[in-house]
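Q: Take a look and give me a structure for this.
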Amino acid sequence: MVATRVLTPLQAVIWAAFFNFVSAFSFGTGVARMVGSGMVDLRAVTPYVILCGLAGAIAWDLITWWMGLPTSSSHALFGGYAGAAIAHTASLHVLIWSGWIKTIVFMAVAPLLGFFAANLFMIAVYWIFQRSTPQKMDVYFRKLQLVSAAAFSYAHGTNDAQKTMGLITGVLVSAKYLPVFKVPIWVILSAHAAIGLGTLSGGWRIVHTMGSRITRLKPRGGFCAETAGAMSILIATAFGVGVSTTHVITGAIAGVGSVQRLKAVRWGVATNIVWGWILTMPCAAAVAWLLYTLLRGLGLEAG
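A: Numbering: from 1, shown residues only. Now for the predicted structure:
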C-alpha cells in the first residue's frame, strides 16, 4: 500500500496492525500446537531451551533487518527452537520429523502457490479490464487494495501470532503451569497485541525492499499480490502449519511482475531473499545452540 501510494506509511501500518489483531480468534490454534508441541518433543523442553531458541531467532532477525533483507522470522523461530533443543539433548531425536516434514513442504509450496495465484490473478485482471486504460483501472484498484491488504494482514496475524502462542504455551507446559498443551485466552490476546504493535513500529527497510526493489507495483498489482498471498497463508493456516508470510508475499510480488515480462522482476533481489530463506534456519539454530551451550557452561541449566 505504501509502494502503490494507496495509503501513507502511517495509515498503512495502522491499517495492517488493526487486522493483525482482529484475526485473534479466527482459525483456532492448530499452528500454535504444531509449533509448540509438533516439531520438538515437549518432554525434552525446558524454559531455558525456549529462551535460547527465541534469542537465536531474534539475533538473526535483527541482523537481517539491519541489512534490509526480508528473511523469515518464522524460519528463524523454527531454527532457533530446534538448535536449542538439540543442544539440550545432544541428539536429533528430540525433533519430531513428521512435523518438520509437513512444515518444510509448506515452506516451499506456499510461496510457489502465491507466485502462480498472483500470476493468474494479474492475467485475469488484464483480461477483464482489457478495454480500460491503466489510469481507470487504478481508480478501482486503489480502493480494492484496501480490501486485499486487510485480507493479507488478517492472514498474517492468524498464522504468525500462533507461532508465538505455541512457544509461550510450551513454556507454560514445561514449567508445569499447564498440565496439557492448551493455549489460554490471555496468550492468544497477548500474541496478537504484540504482532499488532510490531507492525505499528514500521520496518521501513523491508517495506522498501518488498514494495519497490523486487518489482515496481501499481495498485492492480498490489491487489493481486496481496490477494494471492492471503489465500496461500490461510490455506496453510487451515492445515495447522506455520509458513513464512514474508516469502509468500515475495513469491506473489514476483508473480505479478513476471506477467509484464521476466525482466520486470529484479531476480538478483529475489535470489538474495532465497539465500536468506536457505540460511535462516541453520544460522538461527547455530546461534541458539551456542547460547544454550554458554548457559550450560555457566551452570544455569543442568544437562
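Q: what number of residues lie near the closest residue to residue 255 other than its chain neighbours?
A: Nearest residue to residue 255, sequence neighbours excluded (CB to CB, 6 or more residues apart in numbering): residue 118, at 3.5 Å. Every residue, glycine included, has its C-beta placed from N, CA and C. Residues lying near residue 118 (other CB atoms under 10 Å) number 31.
Q: What mean pLDDT does whichever strand or helix holds residue 118 get?
A: Per DSSP states H and E: residue 118 is located in helix 97-128. Helix 97-128 shows a mean pLDDT of 92.
Q: residue contacts, the residue nearest to residue 255?
A: For residue 118, the contacting residues are 224, 225, 227, 228, 229, 251, 252, 253, 254, 255, 256, by CB atoms under 8 Å, 6 or more residues apart in numbering.
Q: Now flag whichever of the residues you listed is closest to residue 153.
A: Ranked by distance to residue 153 (CB to CB), the contacts of residue 118 are led by residue 229 at 10.2 Å.
Q: I'd say the closest one and residue 252 touch.
A: Yes: between residue 229 and residue 252 there is a contact under CB atoms under 8 Å: 4.4 Å.
Q: any common contacting residues for those two?
A: Jointly contacting residue 229 and residue 252 under the rule CB under 8 Å, 6+ apart are 114, 118.
Q: quick one, longest helix in this structure?
A: helix 134-174 (DSSP state H).
Q: got the angle for that helix vs helix 97-128?
A: Per axes from the mean of the first three to the mean of the last three CA atoms, to 10 degrees, the angle that helix 134-174 makes with helix 97-128 is 170 degrees.
Q: elements contacting helix 134-174?
A: With contacts defined as 3 or more CB pairs under 8 Å, 6 or more residues apart in numbering; DSSP states H and E, helix 134-174 has these neighbours: helix 9-22, helix 30-37, helix 47-67, helix 73-89, helix 185-200, helix 219-238, helix 245-260.
Q: Please report how far residue 34 lies from residue 146.
A: Using CB to CB, to the nearest Å, residue 34 is found at 32 Å from residue 146.
Q: Between the two, tell me which one has more neighbours.
A: Taking other CB under 10 Å, residue 34 and residue 146 do not tie; residue 34 has more neighbours (21 against 17).
Q: need the contact list for that one.
A: 99, 102, 103, 166, 240, 241, 242.
Q: and these, which are buried?
A: The neighbour count (16 or more other CB atoms under 10 Å) marks 99, 102, 103, 166, 240, 241, 242 as buried among the contacts of residue 34.
Q: Tell me which two of the contacts of residue 34 sit farthest apart.
A: Of all pairs in the contacts of residue 34, the most separated under CB to CB is 102 and 166 at 14.3 Å.
Q: Pull up the per-residue confidence for residue 213.
A: As predicted, residue 213 sits at a pLDDT of 54.
Q: again, but for residue 160
A: Turning to residue 160, the model gives it a pLDDT of 91.
Q: Output stretch 89-97 as CSV, nothing but the C-alphas.
A: Output in CSV follows, covering the C-alpha atoms of stretch 89-97 (Å, rounded to 0.1, in the frame of the first residue of the first chain):
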residue,chain,number,x,y,z
THR,A,89,19.7,-33.3,24.5
ALA,A,90,22.8,-33.6,22.3
SER,A,91,20.6,-35.6,19.9
LEU,A,92,18.5,-35.1,16.8
HIS,A,93,15.9,-37.5,18.3
VAL,A,94,14.3,-34.6,20.1
LEU,A,95,12.9,-33.4,16.7
ILE,A,96,9.5,-34.7,15.6
TRP,A,97,10.2,-35.4,12.0
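Q: Fine by me, thanks again.
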